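S.K.: Fold the following and give me the result.
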Amino acid sequence: MTNLTLEAVTIATDDRGVATLTLNRPEKHNALNGALIANLREAAAVLGADDNVRLVVLTGAECGSFCAGGDFNWFKSVASADRNTRRNGSQELAKMFGELDRLPKPLIGRINGSAYGGGTGMISVCDISIGASGNRYGLTEVRLGLIPANISPYVVKRIGEPNARAVMLSGALFTSERAAEIGLLSEVVAPADLDARVEAVIADHLEAAPGAVKMTKELIAFVSTHGYDDNLMYTGDRLADSWESDEGEAGIAAFLGKTTPPWRSK
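M.R.: Numbering: from 1, shown residues only. Predicted coordinates for the structure are as follows:
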């Protein structure tokens, strides 16, 4: 099981294969800097490769913020750098979001505090995100004279172009309820109910076969970016693959025999 303590994140995995990935910069409201970005990329690689990990819960160390966006000291260092250094830093950030987005297992956001800028990007790469009421959110980059560039592919895909225009162009803050209304959050619960609701979501996901989940994430990514002809061939092949997989055979046999498939035995 994967258990790691890095400079800016921690990973703790329980005996069910549930890994909790925690942004661990509470003194800076879990804001993004070079170390946190690098640690998240390392975590995505490690968790993605660990077959014992069934799903990942992404959360922030308790400090009132899930992720406050970019660390101002990091901003300052980037601002004083040359263009190539700035571009390389931007690409590292973009790669981090992409690697979390493509994690081959469910990524569940336990959104235990407010999120701004890059913090909303972190929410947007989660497969499902449960947020506590009373939090605040904002795509605040334009208020600093910047743009939400690296997170835009994920935020726009998550909330849609009309909602992206509504929240990105002003940088105004909005509530948890508004975040759920536009699709940034999957649902909102009272802070006291957050852990119980996340556990219920975990329980649902542990009913699913890990290999089938991986293939389904790949399926969603493909069919959402391709046309009819490509999807016709791709989906036909992938369904045949799943029928021929060990999980497919075991799942069908369990269904017909009224037994429990092996991935639900843990």
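
S.K.: First-to-last residue distance for stretch 141-154?
M.R.: With CA to CA, to the nearest Å as the measure, stretch 141-154 spans 15 Å from end to end.

S.K.: remind me which residues of this protein are low pLDDT?
M.R.: Scanning the chain for pLDDT under 70 picks out 265-266.

S.K.: Run through the strands of the stretch 151-266 of the chain in chain order.
M.R.: 174-175, 187-189 (DSSP state E, counting those that start in this stretch).

S.K.: how about the helices in the stretch 51-200 of the chain?
M.R.: 72-79, 83-101, 118-124, 152-159, 161-168, 176-181, 194-205 (DSSP state H, counting those that start in this stretch).

S.K.: mind giving me the domain split of the protein?
M.R.: 4-205, 210-264 (automatic domain parsing).

S.K.: Those into JSON lines, with extra columns for mean neighbour count?
M.R.: For glycine as for every other residue, the C-beta is placed from the backbone atoms N, C-alpha and C. Shown next, in JSON lines, are those (neighbours: other CB atoms under 10 Å):
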{"stretch": "domain 4-205", "mean neighbour count": "19"}
{"stretch": "domain 210-264", "mean neighbour count": "13"}
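
S.K.: Let's see stretch 131-140 as CSV, backbone CA atoms only.
M.R.: Once non-C-alpha atoms are left out, stretch 131-140 reads as follows in CSV (Å, rounded to 0.1, in the frame of the first residue of the first chain):
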residue,chain,number,x,y,z
GLY,A,131,-18.0,20.3,-0.9
ALA,A,132,-18.9,21.6,2.5
SER,A,133,-21.4,24.5,2.7
GLY,A,134,-20.0,27.8,3.7
ASN,A,135,-17.0,27.6,1.4
ARG,A,136,-16.2,30.3,-1.2
TYR,A,137,-14.9,29.8,-4.7
GLY,A,138,-13.5,32.1,-7.4
LEU,A,139,-11.7,32.2,-10.7
THR,A,140,-9.8,35.3,-9.5
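
S.K.: Report the distance from it to the chain centre.
M.R.: Here stretch 131-140 shows a centroid-to-chain-centroid distance of 16 Å under the convention CA atoms, centre = their mean, to the nearest Å.

S.K.: same thing with stretch 214-234?
M.R.: With CA atoms, centre = their mean, you get 20 Å for stretch 214-234.

S.K.: Report the separation between the closest residue to residue 195 other than its chain neighbours and residue 98.
M.R.: Closest residue in space to residue 195, ignoring its immediate chain neighbours: residue 110 at 7.8 Å, by CB to CB, 6 or more residues apart in numbering. Residue 110 sits 21 Å away from residue 98, going by CB to CB, to the nearest Å.

S.K.: what's the answer for residue 122, then?
M.R.: 13 Å.

S.K.: Could you name every residue contacting both of these two?
M.R.: Here residue 122 and residue 98 share no contacting residue, scored by CB atoms under 8 Å, 6 or more residues apart in numbering.

S.K.: circling back: so can I have JSON lines of the strands of the stretch 151-266 of the chain showing distance to residue 202?
M.R.: Formatted as JSON lines, the strands of the stretch 151-266 of the chain follow (distance: least, CB to CB, whole Å):
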{"stretch": "strand 174-175", "distance to residue 202": "26"}
{"stretch": "strand 187-189", "distance to residue 202": "14"}
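
S.K.: For residue 136, which of these is the nearest?
M.R.: Of all the strands of the stretch 151-266 of the chain, strand 174-175 sits nearest to residue 136, with 6.8 Å by CB to CB.

S.K.: What pairs with that closest one, parallel or antiparallel?
M.R.: Partners of strand 174-175 in the sheet, by DSSP bridges, are strand 136-138 (antiparallel).

S.K.: what's the residue positioned nearest the centre of the chain in contact with, if anything?
M.R.: The residue lying closest to the centre of the chain (CA atoms, centre = their mean) is residue 126, at 2.6 Å. By CB under 8 Å, 6+ apart, the contact list for residue 126 reads 58, 107-109.
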